[in-house]
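In: Mind folding the following:
(2 chains)
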Amino acid sequence: ETGVTQTPRHLVMGMTNKKSLKCEQHLGHNAMYWYKQSAKKPLELMFVYNFKEQTENNSVPSRFSPECPNSSHLFLHLHTLQPEDSALYLCASSPTSGYSYEQYFGPGTRLTVT
Amino acid sequence: AQTVTQSQPEMSVQEAETVTLSCTYDTSESDYYLFWYKQPPSRQMILVIRQEAYKQQNATENRFSVNFQKAAKSFSLKISDSQLGDAAMYFCAAHNNNDMRFGAGTRLTVKP
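Out: Here you go, the predicted model:
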């Protein structure tokens, strides 16, 4: 275990549903990240939070809405998703968002949009 | 924006032998860090090894070592004495400022 947990581990949702992914880190880190991992594609960085402030949004569609209430928790709210949004969503954390720090990853949420 | 390229979608190695995974990157930054991450079939990504760009000495971690060629922007991973537990997806990553980029990954199979 790396100290980063994600729930749920698997999620199936219809295109009209609203759901949320949760990430929690127990490492005392101040930066948290959402990534999308699709088959045979590089990991795509979606959002970066540093000390609860969003510092990166890599042109992610508004149907993905992140929330970071504190440095230990990160949510990804989902609504009106498309089938192409089906992927593994990974959460990660690091001491800060500085580039010298390795990131610690959670196990991911496997999302299927039907 | 920086890019990271892993040209080997799949590699295989016999147990106890050595394998090298390739990675090239493109960045205009002078300060950056490079990482190799491993993602076993259980899906939890873990750090294998890291290299600071300003250090000329290649990083090593037990059976894992890198060949860092800064001028060529190459960062390959060598796994010595391969073990069955080394079977996984391996991702190369480059990080500067807030920009973390990953390659598409190399799937490593270890044959007993």
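In: Could you give the bridge partners of the residue most central in space within chain B?
Out: Of all residues in chain B, the one closest to the mean position by Cα atoms, centre = their mean is B:Trp36, 3.5 Å from it. Note on B:Trp36: beta-bridge partners B:Ile49, B:Cys92, judged by DSSP bridges.
In: correct me, but it touches B:Phe91?
Out: Yes - the criterion here is Cβ atoms under 8 Å, and B:Trp36 meets it with B:Phe91 at 7.2 Å. Where you see a C-beta, it was placed from the backbone N, CA and C, and this is true even at glycine.
In: Need the per-residue pLDDT for the residue nearest to the centre of chain B.
Out: Here, the pLDDT recorded for B:Trp36 equals 97.
In: shaky segments in chain A?
Out: For chain A, the stretches with pLDDT under 70 are A:1-2.
In: Would you mind listing what in it touches chain B?
Out: By the rule Cβ under 8 Å from any Cβ of the partner chain, the part of chain A lying against chain B is A:2, A:33, A:40-43, A:45, A:48, A:50, A:55-56, A:88, A:90, A:92, A:97, A:99-100, A:102-108.
In: among the residues you listed, which ones are buried?
Out: A:2, A:33, A:42-43, A:45, A:48, A:50, A:56, A:88, A:90, A:92, A:97, A:99, A:102-108 (16 or more other Cβ atoms under 10 Å in any protein chain shown).
In: so what strands line up beside the helix-or-strand element of chain B with minimal mean pLDDT?
Out: Of all helical and strand segments in chain B, the minimum by mean pLDDT, DSSP states H and E falls on strand B:99-102, at a mean of 86. Sheet pairing here is set by DSSP bridges, and for strand B:99-102 it gives strand B:88-96 (antiparallel).
In: who's in contact with the strand it pairs with?
Out: Here strand B:88-96 makes contact (Cβ atoms under 8 Å, 6 or more residues apart in numbering or on different chains) with A:42-43, A:99-100, B:2, B:4, B:6, B:21, B:23, B:25, B:27, B:29, B:31-41, B:45, B:48, B:75, B:77, B:100-103, B:105-108.
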